[in-house]
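Peer 1: just need the structure, nothing else, for what follows:
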Amino acid sequence: IVMNRKYIVELSEEEKQELVDYCKKGMVNVRKYKRAAILLKADRCRYTTEQICEAVQVSSSTVFRVKRQFVEENLAAALNEGARSGAMRKTSAKDEATLIATVCTKPPTGHARWTLSLLGERLVTLTDLDSISYETIRRRLKENALKPWQKKMWCVATMDAEYIARMEHVLELYAEPADELNPIINFDEAMKQLVDDTRPAQPMKPGQTKRLDYEYKRVGVANL
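Peer 2: Residues are numbered from 1 along each chain as shown. Alright, predicted model coming up:
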């Protein structure tokens with residue numbers, strides 16, 4: 001039933017350029033390259049699933065999974081896959097320590113952030129490695145919860161008397177004993193990918209259930 005759904009890939013200009021640039025690189029991860037090729041060919045239904053399978057040499061289930069991850073999550077999720085068990089680690093503990101130390105420093109002059117390419121070049125320079133794939137670097141960063149491509153805006157408060165008083169009020173509230181008649185409710189937010197139908201649903205009528213089209217597309221993100 002799930003495989004009957006059709007996910008519509010609509011790449012932004014920035015996403016399309018990122019995929020094109022990646023496919024033009026010399027040394028790339030084969031599986032990630034195929035995912036990038038799938039997304040480029042699936043953009044706005046330029047090719048059918050059968051045509052994509054033949055051109056990229058993948059199964060229809062792979063095409064389906066990549067398109068679904070792109071629509072329901074994001075480009076990074078569609079390009080990358082979870083770590084596979086059973087394979088020998090290609091980096092030593094010392095190599096990984098060097099990677100962690102490097103990615104936590106400022107990037108080279110002229111670069112806004114550390115990229116996988118820059119990290120690979122630096123590791124080859126600083127360690128005994130002759131080469132290292134982008135996928136290996138990505139996995140080591142994921143294992144250590146390091147995301148050099150992300151930045152978070154944070155309000156750095158002024159620690160004056162008013163701020164401290166409000167902080168103490170919140171801490172006192174948290175320290176109160178549990179009371180079923182006066183519960184304390186906390187709110188948090190999370191960014192979620194939004195999807196929508198490409199065609200309006202047909203309402204239910206006598207003798208016919210409600211009908212939903214099986215195509216979905218991305219319509220942005222929202223903070224819930």
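Peer 1: what about the strands in this protein?
Peer 2: 6-8, 191-197, 215-223 (DSSP state E).
Peer 1: below-threshold pLDDT in this structure: ranges please.
Peer 2: Where the chain drops to pLDDT under 70, the residues are 1-5, 26-27, 81-90, 156-157.
Peer 1: mind checking the longest helix of it?
Peer 2: For the chain, the helix with the greatest residue count under DSSP state H is helix 161-175.
Peer 1: which helices and strands does that helix pack with?
Peer 2: If you count contacts as 3 or more CB pairs under 8 Å, 6 or more residues apart in numbering; DSSP states H and E, helix 161-175 packs onto no helix or strand. In short, each C-beta sits where N, CA and C put it, glycine included.
Peer 1: can I get it as CSV, trimmed to CA atoms?
Peer 2: Output of helix 161-175 as CSV, limited to C-alpha atoms (Å, rounded to 0.1, in the frame of the first residue of the first chain):
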residue,chain,number,x,y,z
ALA,A,161,19.6,41.9,38.4
GLU,A,162,16.4,41.6,36.4
TYR,A,163,17.5,38.6,34.4
ILE,A,164,18.8,36.8,37.6
ALA,A,165,15.4,37.5,39.3
ARG,A,166,13.4,36.0,36.5
MET,A,167,15.8,33.0,36.3
GLU,A,168,15.4,32.3,40.0
HIS,A,169,11.6,32.5,39.6
VAL,A,170,11.7,29.8,36.9
LEU,A,171,14.0,27.6,39.0
GLU,A,172,11.7,28.0,42.0
LEU,A,173,8.7,27.0,39.8
TYR,A,174,10.6,23.8,38.7
ALA,A,175,11.5,23.0,42.3
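Peer 1: that one: which residues count as buried?
Peer 2: Residues of helix 161-175 classed as buried by neighbour count (16 or more other CB atoms under 10 Å): none.
Peer 1: equivalent analysis for stretch 42-57, please.
Peer 2: Buried residues in stretch 42-57 (16+ other CB under 10 Å): Ala42, Asp43, Tyr47, Thr49, Ile52, Cys53, Val56.
Peer 1: what sits closest to the third one if chain neighbours are left out?
Peer 2: Spelled out, that is Tyr47. Take Tyr47 and drop its neighbours on the chain: the residue closest to it by CB to CB, 6 or more residues apart in numbering is Lys41, 4.4 Å away.
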